[in-house]
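**Student:** got a sequence here, can you model it:
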Amino acid sequence: MDHEGNVSPWVRMAEDRGVTVRWLPFNRDTWRIEPENLRPLLSSKTRLLALNYASNLTGSINPVAELTKLAKEAGALVYVDAVQFVPHGLAEVAKLDCDFLACSSYKFFGPHLGVLWGGSHFSRSSMLMRCAAGRKSRPDDTNSARRRPNCSPAWPPQPTTSSGWASRPGYGTTPRKNKGRLSSSHGL
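**Tutor:** Prediction:
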């Protein structure tokens, strides 16, 4: 169910730090990540729950607020990959109570740019993570093995990309009279 972008960075970080990644399969009856499947995997040693809000594979939407509550009760941070959800719904981080939420603006008519929201308790800290391009994220992963080893694409976005993103918030969220622009009357 998880997208590679929400798998390989965590696996790489775990390898670098010598920690264990525990896999939570989706429920094959509901096609979601269910709280009863998460509970046995959580312990006082759990530091992070990284999950997808929705899945392109199954078409399901996970009960993120409930899963977040369980993880926080165990003392873990919660990272939500909302890339597949944001084109279809509003990701209300206050209601979800997650620590981080990531999405890509191209999914809602913006430029191809990643977006990472972090709770106010993280606003003064900075974190740097390497991408895992060129390394297998799982033992059965054959796709990423074909990439160049230790390739870490990290470049600043082009100015046009940044200005495209800056103009995106609010676009399509209020009724507009301008023709050719999507608005809330078009279901956004």
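**Student:** could you use CA atoms for every contact and neighbour count after this?
**Tutor:** Fine.
**Student:** helix or strand for residue 23, just tell me which one.
**Tutor:** Using DSSP states H and E, residue 23 sits within no helix or strand.
**Student:** below-threshold pLDDT in this protein: ranges please.
**Tutor:** Scanning the chain for pLDDT under 70 picks out the ranges 1, 120-188.
**Student:** what segments of it are strands?
**Tutor:** All strands of the chain, identified by DSSP state E, fall at 48-52, 77-81, 100-104, 114-118.
**Student:** mind saving the C-alpha coords of the third one as CSV?
**Tutor:** What follows is strand 100-104, C-alpha atoms only, in CSV (Å, rounded to 0.1, in the frame of the first residue of the first chain):
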residue,chain,number,x,y,z
PHE,A,100,4.3,15.8,9.7
LEU,A,101,2.3,15.7,6.6
ALA,A,102,3.8,15.5,3.1
CYS,A,103,2.2,16.0,-0.3
SER,A,104,3.1,17.1,-3.8
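**Student:** list the buried residues of that strand.
**Tutor:** 100-104 (16 or more other Cα atoms under 10 Å).
**Student:** out of the strands of the chain, flag the one nearest residue 37.
**Tutor:** Closest of the strands of the chain to residue 37 is strand 48-52, at 13.1 Å (criterion: Cα to Cα).
**Student:** tell me the strands beside that closest one, with direction?
**Tutor:** Paired neighbours of strand 48-52 in the sheet (DSSP bridges): strand 77-81 (parallel).
**Student:** contacts for the partner strand next, please.
**Tutor:** For strand 77-81, contacts defined as Cα atoms under 8 Å, 6 or more residues apart in numbering pick out 6, 47-53, 64, 68, 71-72, 98-103.
**Student:** of those, just the buried ones, PyMOL syntax please.
**Tutor:** Applying 16+ other Cα under 10 Å to those, the buried members can be selected in PyMOL as follows:
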select buried, resi 6+48+49+50+51+52+53+64+68+71+72+98+99+100+101+102+103
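**Student:** and of the buried residues of strand 100-104, the nearest to residue 119?
**Tutor:** residue 100 (6.4 Å).
**Student:** do you have the helices of the protein handy? List them.
**Tutor:** Per DSSP state H, the chain carries helices over the ranges 8-17, 35-38, 64-73, 93-96, 159-167.
**Student:** for residue 109, which of the ones you listed is the nearest?
**Tutor:** helix 159-167 (9.4 Å).
**Student:** contacting residues around residue 35?
**Tutor:** Taking Cα under 8 Å, 6+ apart as the contact definition, residue 35 lies against 66-67, 70.
**Student:** now list the buried members of those.
**Tutor:** Buried members of those, scored by 16+ other Cα under 10 Å, are 67, 70.
**Student:** nearest to residue 23, of the contacts of residue 35?
**Tutor:** For the contacts of residue 35, the closest approach to residue 23 (Cα to Cα) belongs to residue 67, at 14.5 Å.
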